[in-house]
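Visitor: structure here, sequence nowhere to be found:
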């Protein structure tokens, strides 16, 4: 292992990265191009995607630290290197479950800059303090102020579904209110977050806020593109190929399957999650690293508070831009949360209808997200879940349908308290699909045929399993199971697989409409 090649895992300070010779994927041309049009910008990207490092890069650029940019693209572009006063406001390092914690954080941020500019605090409110800080910095330096706001939405998302959510919104709205009247004092304003929260309007008056989250020219502003992967990390790729006895193309294909696939605009080059890619190189293993630092709490809260519906995430979800671009906490639409968190990404765009297809970006995210759902809606202990999935995989290979369905039956013995009885059918279908999806085999849900839709189809190397799921609704089990098998045959669900040469199984599964789990099956 080449120890001289320092991988910047978790490094969010550009100065530290450059002074300690960490590998840096050069994004400075983007920084320069953005700086030339001093519009207030907003960028939404998932966690662990390099937003904080991007803002740190901007910070040192606007501080005029030319020495830190030696050899980078911006060195060729920038001729003046002017130093501006910079205010960096970051909410990424703490949690804000209530108004008290948010006010404490704002006070800490403001007091540090007030000390720098020798400002005596005469009004404890955050808005007048920010106003005075901006005008004082401008007055003392004679230069307009650069304002960088990182993770602006975290105080809202940390308090989601609590009484403090609206309080935190109001406090942030008040805090940022001076920005709308101080445009002449501001050189550059850049705001990042996971979500773009609609109707919150905390940046009241900044109607010209330029949202570049889905702009094609900035699609790789955060993340690592395929060309950047080969340019900066060939030694690490070669080391992986040697360890796993893979060719270089096979190694890159495996990396792409696990960590690539993010598209933040249609027609753009896909990007890798930088944190997961760097961890893979460091550990020298194709592991799952996205969930190392924990699942975003606001995603879990949303799943707990909204109806459970797998239809929003499986087999490619078609949506208009306004259905997934802005998150409305008062809406029942989970799609923006799932998309903006990085669990879904743009896979296709249909013109002129302007319809997007969203799906999981890669295998790591698919497995991680489905695990979240299963652990939330099943009573199987976390440490047993992986074993259960492995046993299902073995049973599918052995074509042991009784074993497969016995495992699933044990996992969904009772309806969870978070699921209402009128959602039984949706719950049972969804969880059955989730379990099969985690097996790693090709799984299709509600597969369309000429005569109708089959519920779940699982395809292994040698077999195809067609499941028709039915609720008993007080009827005799034998009659309902027979009806399910008849429906599979009558509707020709197996016809499209006939040319595959695989052995096909038709399975009728019956669930209790009273929430008592799986009653049985016939095949």
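Guide: Ah, there it is. Bear in mind that the values here come from a model prediction, so they are computed numbers and not experimental data.
Visitor: any residues touching the helix or strand residue 347 falls within, and which ones?
Guide: Assigned by DSSP states H and E, residue 347 belongs to strand 345-350. Under the contact criterion CB atoms under 8 Å, 6 or more residues apart in numbering, strand 345-350 has outside partners 261-267, 316, 339, 355-361. Backbone N, C-alpha and C define where each C-beta goes, glycine included.
Visitor: C-terminal to that strand, what's the next element?
Guide: Trace forward from strand 345-350 with DSSP H and E and the next one is strand 355-359.
Visitor: that next one pairs with which strands?
Guide: Its sheet considered, strand 355-359 pairs with strand 317-319 (antiparallel), strand 345-350 (antiparallel) by DSSP bridges.
Visitor: name the residues of the longest one that are buried.
Guide: It stands for strand 345-350. 345-347 (16 or more other CB atoms under 10 Å).
Visitor: kindly report the same for stretch 353-372.
Guide: Of the residues in stretch 353-372, those buried by neighbour count under the rule 16+ other CB under 10 Å are 356-372.
Visitor: and it, end to end?
Guide: Distance across stretch 353-372, first residue to last, is 33 Å (CA to CA, to the nearest Å).
Visitor: and it, what's its mean pLDDT?
Guide: Average pLDDT, stretch 353-372: 86.
Visitor: mean confidence score for the helix or strand where residue 436 lies?
Guide: In the assignment (DSSP H and E), residue 436 maps to helix 424-438. What helix 424-438 shows for mean pLDDT is 81.
Visitor: helices along the stretch 101-250 of the chain, start to end?
Guide: 126-141, 154-158, 164-176, 226-232, 234-243, 248-259 (DSSP state H, counting those that start in this stretch).
Visitor: tell me which of those helices approaches residue 51 most closely.
Guide: Residue 51 sits nearest to helix 154-158 of all the helices of the stretch 101-250 of the chain, at 11.3 Å, using CB to CB.
Visitor: off-centre distance for that closest one?
Guide: How far helix 154-158 lies from its chain's middle: 16 Å, per CA atoms, centre = their mean, to the nearest Å.
Visitor: can you start the count at 710 instead of 1 from here on
Guide: Noted, 710 is the first residue going forward, which turns the last one into helix 863-867.
Visitor: just checking, what packs against that helix?
Guide: Contacts defined by 3 or more CB pairs under 8 Å, 6 or more residues apart in numbering; DSSP states H and E place helix 863-867 against helix 873-885, helix 1006-1014.
Visitor: in CSV: the ones you listed, plus distance to residue 1118, mean pLDDT and mean neighbour count.
Guide: Listed next are the helices and strands packed on helix 863-867 as CSV, based on distance: least, CB to CB, whole Å; pLDDT from 0 to 100; neighbours: other CB atoms under 10 Å:
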stretch, distance to residue 1118, mean pLDDT, mean neighbour count
helix 873-885, 40, 89, 19
helix 1006-1014, 24, 68, 17
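Visitor: please, which helix or strand holds residue 801?
Guide: Assessed by DSSP H and E, residue 801 sits outside every helix and strand.
Visitor: if we can go back for a sec, would you mind listing the buried residues in the helix holding residue 1145?
Guide: Across helix 1133-1147, burial judged by 16+ other CB under 10 Å covers 1133, 1135-1147.
Visitor: next one: stretch 843-855
Guide: Buried residues in stretch 843-855 (16+ other CB under 10 Å): 843, 845-847, 853-855.
Visitor: I'd like the average pLDDT over it.
Guide: Across stretch 843-855, pLDDT averages out at 97.
Visitor: list of residues touching it?
Guide: Defining contact as CB under 8 Å, 6+ apart, one finds that stretch 843-855 is touched by 767-768, 771, 791-796, 822, 826, 828, 856, 887, 891, 893-898.
Visitor: out of those, which are buried?
Guide: By neighbour count, with 16+ other CB under 10 Å, these hold 767-768, 771, 793-796, 822, 828, 856, 887, 891, 894-898 as buried.
Visitor: show only the entries of those found in strands.
Guide: Those of the buried ones among the contacts of stretch 843-855 mapping onto strands are 795-796, 856, 895-898, per DSSP state E.
Visitor: ok, now which ones touch residue 1113?
Guide: Here residue 1113 is in contact with 1101, 1104-1105 (criterion: CB under 8 Å, 6+ apart).
Visitor: check the burial of residue 833 by counting its neighbours.
Guide: 9 (other CB atoms under 10 Å).
Visitor: next one: it, what pLDDT does it get?
Guide: At residue 833, pLDDT is 86.
Visitor: low-confidence stretches in the stretch 910-1059 of the chain?
Guide: 910-916, 1001-1007, 1011-1024, 1038 (pLDDT under 70).
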